[in-house]
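Visitor: the sequence isn't on hand, but the structure is:
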């Protein structure tokens, strides 16, 4: 699998550990930075990583920062991206199984490296459940396509 990585200074050390872990498991990694612990702005690195998923250049992305919250907000600005901030294994699993998340956001200041690696492994191997969740993910995709258009007078499709 081709996986994009992006982080700010707060997540730099975690990113490096995740990168080594992924490469060791045979994944191709595209590292969008940052490349040091020098203070920087997370949108500069998260947006390109998420965009690589939105454009289909990477299968998935893992973004990191201090809390993971700002990183999630940035990633979800990219059309086609469904990013979930996760701080335990169950959230990582559910983000794939129920939401078909293609980007995960992890707060380097909120979880241990060991837990982060377990979450990444679980997230990468958990399939989308489909079923009733397919309809919901489709509604998210519809919103993504028309997010700045006037609200429809009826509900999103019930297909």
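Guide: Alright, I've got the coordinates. Given the structure is predicted, the values throughout are model-derived calculations rather than measurements. Residues are numbered from 1 along each chain as shown.
Visitor: can you name every helix or strand that the strand or helix carrying residue 3 contacts?
Guide: Taking DSSP states H and E as the criterion, residue 3 maps to strand 2-7. Packed against strand 2-7 by the contact rule (3 or more Cβ pairs under 8 Å, 6 or more residues apart in numbering; DSSP states H and E) you find helix 12-24, strand 28-31, helix 43-54, strand 60-65. All C-beta atoms are positioned from the backbone trio N, CA, C, and that covers glycine.
Visitor: that strand pairs with which strands, and in what direction?
Guide: strand 28-31 (parallel), strand 60-65 (parallel) (DSSP bridges).
Visitor: which parts of it are buried?
Guide: Using 16 or more other Cβ atoms under 10 Å as the test for burial, strand 2-7 gives 3, 4, 5, 6, 7.
Visitor: stretch 51-67 now?
Guide: 51-54, 58, 60-67.
Visitor: for stretch 35-48, same thing?
Guide: 40, 42, 43, 45, 46, 47, 48.
Visitor: residue contacts, the spatially most central residue of the chain?
Guide: With distances taken as Cα atoms, centre = their mean, residue 103 lies nearest the centre of the chain, 1.8 Å away. By Cβ atoms under 8 Å, 6 or more residues apart in numbering, the contact set of residue 103 is 49, 50, 53, 60, 61, 62, 63, 75, 81, 82, 83, 84.
Visitor: hmm, residue 56 and residue 81 touching each other?
Guide: No. Using Cβ atoms under 8 Å, residue 81 is not in contact with residue 56, being 11.4 Å away.
Visitor: lowest-pLDDT helix or strand in the protein?
Guide: Using mean pLDDT, DSSP states H and E, helix 132-145 stands out as the lowest-scoring helix or strand of the chain, at a mean of 93.
Visitor: run the chain-centre distance for it.
Guide: Taking Cα atoms, centre = their mean, to the nearest Å, one finds the center of helix 132-145 at 17 Å from the center of the full chain.
Visitor: and it, what's buried?
Guide: So, applying 16+ other Cβ under 10 Å, buried residues of helix 132-145: residue 137.
Visitor: ditto for stretch 77-95
Guide: 78, 81-87, 91-95.
Visitor: now, the residues you listed that are in strands?
Guide: 83, 84, 85 (DSSP state E).
Visitor: from those, which is closest to residue 142?
Guide: residue 83 (17.8 Å; Cβ to Cβ).
Visitor: hmm, the closest one is touching residue 50, no?
Guide: Yes. Using Cβ under 8 Å, residue 83 makes contact with residue 50 at a distance of 6.8 Å.
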